[in-house]
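Colleague: this is a predicted model, with the sequence first.
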Amino acid sequence: MNDFKNLNVLVTGATGFIGSNLVRSLLRKGAKVSILKRPKSSVWRLKDILTRIKILEADLRNKHQLQVALKNSDDRVIFHLAACVNRGQSVHLIKENLETNLIGTINLVNCFINKDIRSFVNTGTCDEYGDNPMPFNEEQREKPLSPYSATKVAATHFCQMLYEASRFPVINVRPFLTYGPCQTGGMLIPDVITSCLKSLPVKVTKGQQTREFHYVSDIVNGFLLAATNKKAIGEVIDLGTGKEHAVKEVVEMVVKLTGYRLKWRLGGLPYRENEMFRFYCRGEKAKKLLKWQPEISLKDGLIKTIDWYKKFLKSNKLPRAKSPRY
């Protein structure tokens with residue numbers, strides 16, 4: 001059964017990495033997709049499918065602008081991925097994170113609070129767990145370590161409050177580290193792949209840290225399953241499995257798969273201050289409740305991702321962000 005065929009669906013954050021992949025998946029399933037984008041934001045990830053989607057423009061922070069854009073919305077499922085994703089710890093980042101991640105979420109919910117919708121999928125983050133003991137799990141009290149993660153926690157709790165108070169059909173999902181086509185710089189895998197393909201120096205730490213890495217189509221599938229499972233309503237669900245990979249393992253695999261010929265070494269960069277050497281979740285809830293299980297292995301996902309970058313970089317310049325240390 002296709003739960004999305006001819007269904008009106010709204011995606012915020014659709015111009016981003018996971019959001020753009022979600023839009024493509026929804027179109028393949030026959031959904032009628034509308035996207036809400038910030039005015040003047042780039043649509044480069046969606047440029048080949050713009051004629052197949054309805055584009056609405058509004059800034060989440062602008063309550064009136066948002067209400068006007070969504071006044072006539074007949075969307076039954078809302079995927080809310082839009083966010084300020086500056087993960088820095090400076091107090092100067094509080095305002096922009098608060099206005100987008102919390103106030104923006106409240107403004108969006110208010111546009112649908114009195115409408116007949118099936119589900120509202122709110123996107124949280126694994127960063128909400130902070131330095132909690134591993135493995136992370138949904139029963140832990142969050143310990144945010146940045147304005148970004150603190151405001152995402154606040155948005156999660158706001159959505160949970162709405163469910164408890166009025167049975168607003170919200171599901172909170174927390175995707176763990178995701179990679180794949182259309183991801184820009186500032187993260188380990190796109191940075192190493194682009195460096196290898198451009199024959200630039202590969203600079204990483206000793207790579208002893210472990211992380212979960214999930215191919216984007218698997219994470220998108222988690223979103224889709226959450227949106228269509230009535231038992232998921234009102235829940236907080238980690239999209240992760242607890243399967244760890246060392247950073248050095250991932251880097252070595254990318255180097256081998258790209259045929260990188262330059263000399264490189266682990267340990268070219270120092271570890272970050274307060275580096276977390278393990279970062280993974282228990283992952284039982286998604287498996288039991290959603291029947292979610294990733295299908296793409298790390299090697300196969302890296303091959304798919306490298307192939308996309310090879311094609312993209314032939315005629316495009318990849319937008320690049322400031323890179324953290326890995």
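Modeller: Noted; the coordinates are in hand. Numbering: from 1, shown residues only.

Colleague: CA only for contacts and neighbour counts going forward, please
Modeller: Fine.

Colleague: domain ranges for this protein?
Modeller: When the chain is parsed with automatic domain parsing, its domains come out as 8-177+213-239, 180-211+243-279+295-315.

Colleague: tell me which of these is the most buried.
Modeller: domain 8-177+213-239 (a mean of 19; mean count of other Cα atoms under 10 Å).

Colleague: can you measure across that one, start residue to end residue?
Modeller: Terminal residues of domain 8-177+213-239 lie 24 Å apart, using Cα to Cα, to the nearest Å.

Colleague: same check on stretch 116-132?
Modeller: OK, stretch 116-132 end separation, Cα to Cα: 38 Å.

Colleague: now what about that stretch, what contacts it?
Modeller: 75-81, 136, 140-145, 149-150, 152-153, 155-156, 159, 169-177, 223, 226-228, 233, 238, 276 (Cα atoms under 8 Å, 6 or more residues apart in numbering).

Colleague: what about it, average pLDDT?
Modeller: Mean per-residue pLDDT for stretch 116-132: 97.

Colleague: off-centre distance for that stretch?
Modeller: 10 Å (Cα atoms, centre = their mean, to the nearest Å).

Colleague: got it, and stretch 26-35?
Modeller: On Cα atoms, centre = their mean, the centre of stretch 26-35 falls 18 Å from that of its chain.

Colleague: now the strands for this structure?
Modeller: 8-12, 32-37, 54-57, 77-80, 119-123, 170-175, 178-179, 210-211, 214-215, 236-239, 245-246, 278-279 (DSSP state E).

Colleague: out of those strands, which gets nearest to S315?
Modeller: Set against S315 and scored by Cα to Cα, those come closest in strand 178-179, at 21.3 Å.

Colleague: and the closest one, how far from the chain's centre?
Modeller: 8 Å.

Colleague: mind listing the helices for the chain?
Modeller: According to DSSP state H, the chain carries its helices in the segments 17-28, 63-70, 94-97, 104-110, 147-166, 188-197, 216-227, 247-258, 284-285, 298-315.

Colleague: now tabulate the strands of the chain in CSV and tack on distance to E99.
Modeller: Formatted as CSV, the strands of the chain follow (distance: least, Cα to Cα, whole Å):
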stretch, distance to E99
strand 8-12, 16
strand 32-37, 16
strand 54-57, 17
strand 77-80, 15
strand 119-123, 16
strand 170-175, 19
strand 178-179, 25
strand 210-211, 30
strand 214-215, 29
strand 236-239, 22
strand 245-246, 35
strand 278-279, 28
